[in-house]
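Visitor: the following comprises the amino acid sequence and a computationally predicted model.
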Amino acid sequence: MVVEPEAVGTKREMHQWQHEKILEYKISHDSQRPRLNKNDY
């Protein structure tokens, strides 16, 4: 198994990327955030 990174960047860029992914998830899952996320950041 080879793990390929989805994104690379600074800590700030990765935080923004993560935030955008959470918002995309909420849009496609009836405004529910991912199960393990306590907030949108």
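Guide: Received the coordinates, thanks.
Visitor: any idea what sits nearest Pro34, other than its immediate chain neighbours?
Guide: Tyr25 (5.5 Å; Cβ to Cβ, 6 or more residues apart in numbering). Using the backbone N, CA and C atoms, a C-beta is placed for each residue, glycine as well.
Visitor: for the one you found, the count of nearby residues, please.
Guide: Neighbours of Tyr25 under the rule other Cβ atoms under 10 Å: 14.
Visitor: before we move on, what about Arg33?
Guide: The tally of other residues near Arg33 (other Cβ under 10 Å) stands at 14.
Visitor: nearest spatial neighbour of Gln18, chain-adjacent residues omitted?
Guide: Using Cβ to Cβ, 6+ apart, the closest residue to Gln18 is Tyr41 (7.7 Å).
Visitor: that neighbour and Val3, how far apart?
Guide: Counting by Cβ to Cβ, to the nearest Å, the separation of Tyr41 from Val3 is 24 Å.
Visitor: with neighbour numbers in mind, choose between the two.
Guide: Higher neighbour count among Tyr41 and Val3: Tyr41, with 10 against 5, using other Cβ under 10 Å.
Visitor: just checking, the more buried one touches Gln16?
Guide: No - applying Cβ atoms under 8 Å as the test, Tyr41 and Gln16 come out as separate, 9.6 Å apart.
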